[in-house]
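Peer 1: With the sequence up front, the predicted model follows.
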Amino acid sequence: MSESHAAALPCGNLLAALPSAHDGEAFETLFERAGLRIERIVSHDHASPEGFWYDQPYDEWVLVTTGEAILEFDDGSRRCMRPGDWAVLRAHVRHRVAATFGRTIWLAVHAG
């Protein structure tokens, strides 16, 4: 790749320029095209509000890169997520973040 192409290449570091712990939870879109969005989510000891459920019209693939989290589903099941763990959240599968512990960094891919 020529230097001019490399210089124009969008790039970054998933673990750099992190929001402060006071922000609670922060979402940053890293890449977006029709039907596709990739975002970094940074959570600090965060949980979805009681009684709140995500019910998204698209599939979402999530990966925990650092930290730890518990996903809860409306059928009462839970999934503990540690670094390297990923899950596919199908469209309209109601879920919430029951807890994150310390700073948790997610990579999320929304498709559909």
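Peer 2: Cool, got the structure.
Peer 1: all contacts plus neighbour counts: C-alpha atoms, from now on.
Peer 2: Fine.
Peer 1: now residue 91, what's its secondary structure?
Peer 2: At residue 91 the chain is in coil, as set by DSSP: H, G, I helix; E, B strand; the rest coil.
Peer 1: contacting residues for it?
Peer 2: 55-60 (C-alpha atoms under 8 Å, 6 or more residues apart in numbering).
Peer 1: mind checking which helix or strand of the protein has the lowest mean pLDDT?
Peer 2: Using mean pLDDT, DSSP states H and E, helix 3-8 stands out as the lowest-scoring helix or strand of the chain, at a mean of 71.
Peer 1: tell me which strands and helices the next helix or strand after it is in contact with?
Peer 2: The first helix or strand that comes after helix 3-8 along the chain, using DSSP states H and E, is strand 25-33. Applying 3 or more C-alpha pairs under 8 Å, 6 or more residues apart in numbering; DSSP states H and E, one finds that strand 25-33 contacts strand 36-44.
Peer 1: The strand it packs on: which residues count as buried?
Peer 2: The neighbour-count check on strand 36-44 (16 or more other C-alpha atoms under 10 Å) flags 37-44 as buried.
Peer 1: From the chain's centre, how far out is that strand? Work that out for me.
Peer 2: In this view, strand 36-44 has its centroid 4 Å away from the chain centroid, taken as C-alpha atoms, centre = their mean, to the nearest Å.
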